[in-house]
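Engineer: need a structure here:
(chains A and B)
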Protein chains: 2
Amino acid sequence: MRPVAIAGAGKTPFGAFPGEDVRSLSLTACRAALDDAGLGAESLEALYLGNFAAPGFTGQNHLAPLVASSLGAPGIPATRFEAACASSGSAFFHAWSAVASGMYDCVLVCGVEKMTSQTTARVAEILAGAGDLGGEVRAGATFPALFAMIARRHMYEFGTTREHLARVAVKNHAHGALNPEAHLRKTITVEQALAGRMVAEPLTLYDCSLVSDGAAALVLLPLERTRGGSKTPVRVRGVAQTSDYLALDRKSSITTFPAVAAAGRRAFAMAGVQAADLHVAELHDCFTIAEIVALEDLGLCPRGQGGPFSASGATALGGRIPVNPSGGLKSKGHPVGATGAAQLCELVAQLRGVAGARQVRDASLGLAQNLGGSGATCVVTVLEAA
Amino acid sequence: MRPVAIAGAGKTPFGAFPGEDVRSLSLTACRAALDDAGLGAESLEALYLGNFAAPGFTGQNHLAPLVASSLGAPGIPATRFEAACASSGSAFFHAWSAVASGMYDCVLVCGVEKMTSQTTARVAEILAGAGDLGGEVRAGATFPALFAMIARRHMYEFGTTREHLARVAVKNHAHGALNPEAHLRKTITVEQALAGRMVAEPLTLYDCSLVSDGAAALVLLPLERTRGGSKTPVRVRGVAQTSDYLALDRKSSITTFPAVAAAGRRAFAMAGVQAADLHVAELHDCFTIAEIVALEDLGLCPRGQGGPFSASGATALGGRIPVNPSGGLKSKGHPVGATGAAQLCELVAQLRGVAGARQVRDASLGLAQNLGGSGATCVVTVLEAA
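Structural biologist: Here you go, the predicted structure:
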């Protein structure tokens, strides 16, 4: 396996865009990534498209050749990868392996989702398809309900409080307010978060990520082909995809995700680094409790200490390990299939030192963690300024 | 890239199975493939799951970790691949590349679809999602209508007749009647086919493939690991995936699919063989005209001659190049996401010489062609008894 680099990254802003569809969003992100890499579509040898539910949200399936041909690259292998909210993380993992193995020299990864054209009830129903329809979903559980159970159990086992959760939301909103491409650019207070409308006790509206439209894309090349370019190449130091049971009731503990811990261990081992070496992380905060559990599962803090660790300021910009400087899914937005690729776009900006007001100082090693469902898929990636 | 072999193949019968769901169908096929390879689920390093539209047909998304964990392999990378009717062909292509590159030593490919729980109208709507919603689908075209236009144009350009089409149906029904796992095991006559209810002129009911439930699976290993086993290993000699525009109106000709021709050229080049060397082929006869066009695009007969070539008996069992000894999508059935993997299961049986009443004598080199949409994705695979 040869070293692989991200040579270009690009994305759309995240938000509600009534005039855009999955094709137009994808094309904007793909063209931005190609421009960033200084390459044209004719250079591409394959397209890896991450998308969770375009057929459900928009009716359009078979999306990968639609995007490839519209982009000006008809003919190339163009494949859609679906792994719930980790769809574009999974697309990236497979794209990395194809370049690392020498099969291709230039591939494009794109993640996209168009969600805001549906009612909230229909969005919840489509998202629930990422859970086990034979059990928890049939029993009426939606994802806010599943993560509410995780939060309640975390509180019971470790003394985590609603204020701990609120502080994650406050921090990510503060970060997102610095990101011109974030969906919700407003700061909030702990009091506001605690007083938010209850969605699934103990999670209020402020504990939940957003329903957004958007796309993000990355160009992957062998590292040696990026030497001498105008942009700092970003090397893929480690990457791993893992899986687990869909249903929470099949897990021996719901306050830890084995798929996250395993993906973290494998990615760190491949990278030859440890959690303590990281300068920045983009974690999958679909709910505030998910960021807390991810901190623990990845070893960024001890088990059970994710709440106090977050409340200490360690994960804020300027803290020991800034988490979600982009604003995260909470504030930047969560167009499901785009999220994994967008996390990597943020790391590229951070590691190149071009993240503007939200720049983590001297960041040269970063991690992204992309979660599918309530822990049934995880992709962890470690990137380094090359 | 090292040589790769199919060490095990297994599938469910195809048909309408009200008591089965996507999980149970997948598990039956996966366990059969593992049993055939003499391996347990603990040997697996990754799952490549091809599925077109389980979320639309059944509500269940995020299918790959659901199948991996139910099979007894939680933890492994488990990914769903969607490429319309070529979904499991695409999953196979990516699985092959991962084993060929040395990334994994033992992976499972599975294709599945559960279609018969929906009304015919809803099935047509879900299938239309594989076309371009921005154009042809908005104009009201379903897939029978698109392939009817292709058939009509083929008639105009080359003199192809309705009887030519009917003879493809008659032949595939005759083959399928010999296949105990086929959905429709009945022979038909040319007169019956011509008198069938009109679906989209000139295509009658007998020109259209079936709406079916089913799953098929394959175990891939490096070729050298299959030496000395009890079953004849089947070597992957060549494989290629290609793409094209979704919409027919974007193509300069609708009587040829560039994606099929290109995938064929690449797969033949990788295999170091020519069309004339083949002993058996499974072609994607979603409609009778599709088999005729595939014969031409793959070079099994000259351009425009697919109709007379079929009517000559050359593609029947006992003919020069038997096509769809399984019965094809027309008679064996077409559970969309399972079709690519099922074609390969049929080739494995043929190349091992265990295909029973439908065995092609002395078959040692075979080809499968799996089409997505009206030619926007194609996967061609060349297999050989090793």
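Engineer: Return the residues of the stretch 151-300 of chain A in contact with chain B.
Structural biologist: Applying CB under 8 Å from any CB of the partner chain, one finds that the stretch 151-300 of chain A approaches chain B through A:240-246, A:250, A:258-259, A:262. (C-beta placed from N, C-alpha, C; glycine too.)
Engineer: Now for the residues you listed: which two are most distant?
Structural biologist: A:240 and A:250 (21.6 Å; CB to CB).
Engineer: For ChimeraX, write the select line for the buried members of the residues of the stretch 151-300 of chain A next to chain B.
Structural biologist: This is how ChimeraX selects the buried members of these, with burial counted by 16 or more other CB atoms under 10 Å in any protein chain shown:
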select /A:240,241,242,243,244,245,246,258,259,262
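Engineer: Kindly reformat the residues of the stretch 151-300 of chain A next to chain B as TSV and extend each row with pLDDT and secondary structure.
Structural biologist: Shown next, in TSV, are those (pLDDT from 0 to 100; DSSP: H, G, I helix; E, B strand; the rest coil):
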residue	pLDDT	secondary structure
A:240	98	strand
A:241	98	strand
A:242	98	strand
A:243	98	strand
A:244	98	coil
A:245	97	coil
A:246	96	coil
A:250	93	helix
A:258	98	helix
A:259	98	helix
A:262	98	helix
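Engineer: helices or strands next to the host helix or strand of residue A:28 in the packing?
Structural biologist: Using DSSP states H and E, residue A:28 sits in helix A:22-37. Applying 3 or more CB pairs under 8 Å, 6 or more residues apart in numbering or on different chains; DSSP states H and E, we find helix A:22-37 packed against strand A:4-11, helix A:63-71, strand A:107-114, strand A:213-222.
Engineer: Need the mean per-residue confidence for it.
Structural biologist: Average pLDDT, helix A:22-37: 98.
Engineer: right, and residue A:310 touches residue A:170 too?
Structural biologist: No - under the criterion of CB atoms under 8 Å, residue A:310 makes no contact with residue A:170, lying 9.7 Å away.
Engineer: Neighbour count for the two, which is higher?
Structural biologist: residue A:310 (27 against 24; other CB atoms under 10 Å in any protein chain shown).
Engineer: for chain A, what spans make up the helices?
Structural biologist: A:22-37, A:54-58, A:63-71, A:87-100, A:120-128, A:143-158, A:162-176, A:190-194, A:258-271, A:288-297, A:306-311, A:328-331, A:339-352 (DSSP state H).
Engineer: ok, back up a step: for the helix holding residue A:28, give me every contacting residue.
Structural biologist: A:7-12, A:17, A:20, A:40-41, A:43-44, A:49, A:51, A:54, A:58, A:60, A:63, A:66-67, A:70-71, A:108, A:110, A:112-114, A:213-219, A:221, A:229, A:231, A:338, A:341, B:134 (CB atoms under 8 Å, 6 or more residues apart in numbering or on different chains).
Engineer: Just give me how far that helix sits from the chain centre.
Structural biologist: The chain centroid and the centroid of helix A:22-37 are separated by 18 Å, computed with CA atoms, centre = their mean, to the nearest Å.
Engineer: Quick one: work out the angle between that helix and strand A:213-222.
Structural biologist: 40 degrees (axes from the mean of the first three to the mean of the last three CA atoms, to 10 degrees).
Engineer: Going by neighbour count, which residues of helix A:22-37 are buried?
Structural biologist: A:22-34, A:36-37.
Engineer: Out of the residues you listed, which is nearest to residue A:141?
Structural biologist: Using CB to CB, those come closest to residue A:141 at residue A:22, 27.6 Å.
Engineer: distance of the closest one from residue A:182?
Structural biologist: 21 Å (CB to CB, to the nearest Å).
Engineer: go on, residue A:246?
Structural biologist: 30 Å.
Engineer: cool, and residue A:371?
Structural biologist: 20 Å.
Engineer: list the contacts for the nearest residue to residue A:367 once chain neighbours are set aside?
Structural biologist: Among residues not flanking residue A:367 along the chain, residue A:281 sits closest, at 4.6 Å (CB to CB, 6 or more residues apart in numbering or on different chains). By CB under 8 Å, 6+ apart, residue A:281 lies in contact with A:298, A:300, A:321-324, A:366-369.
Engineer: just residue A:86 next, same as before
Structural biologist: So residue A:86 contacts A:241, A:284, A:340, A:370-372, A:377-379 (CB under 8 Å, 6+ apart).
Engineer: Over to residue A:13?
Structural biologist: With the criterion set at CB under 8 Å, 6+ apart, residue A:13 makes contact with A:180-183, A:214.
Engineer: at 10 Å instead, please
Structural biologist: Neighbouring residues of residue A:13 by CB atoms under 10 Å, 6 or more residues apart in numbering or on different chains: A:28, A:179-183, A:212-214, A:332-333.
Engineer: one step back: out of the helices of chain A, which one sits most buried?
Structural biologist: Among the helices of chain A, the stretch with the highest mean neighbour count (mean count of other CB atoms under 10 Å in any protein chain shown) is helix A:328-331, at a mean of 32.
Engineer: chain center to stretch A:370-385: distance?
Structural biologist: 7 Å.
Engineer: Could you confirm whether any residue of it contacts chain B?
Structural biologist: Yes - using CB under 10 Å from any CB of the partner chain, stretch A:370-385 reaches chain B at A:372-373, A:375-379.
Engineer: So which of the residues you listed is the closest to chain B?
Structural biologist: Using CB to the nearest CB, the shortest approach to chain B within the residues of stretch A:370-385 next to chain B belongs to residue A:376, at 4.1 Å.
Engineer: How about the residue nearest in space to the middle of chain A: what's its closest non-neighbour residue?
Structural biologist: Nearest to the geometric centre of chain A sits residue A:340, at 3.3 Å (CA atoms, centre = their mean). Using CB to CB, 6+ apart and skipping the chain neighbours, the partner closest in space to residue A:340 is residue A:89 (3.1 Å).
Engineer: Show me chain A divided up by domain.
Structural biologist: A:4-119+A:212-226, A:142-209+A:236-385 (automatic domain parsing).
Engineer: Give me the more crowded residue out of residue A:371 and residue A:182.
Structural biologist: Neighbours were counted for residue A:371 and for residue A:182 using other CB under 10 Å; residue A:371 has more, 31 against 26.
Engineer: how near is the closest residue to the more buried one other than its chain neighbours to residue A:332?
Structural biologist: Spatially, and ignoring its direct neighbours in sequence, residue A:371 is nearest to residue A:284 (3.9 Å; CB to CB, 6+ apart). Residue A:284 is 12 Å from residue A:332, where distance means CB to CB.
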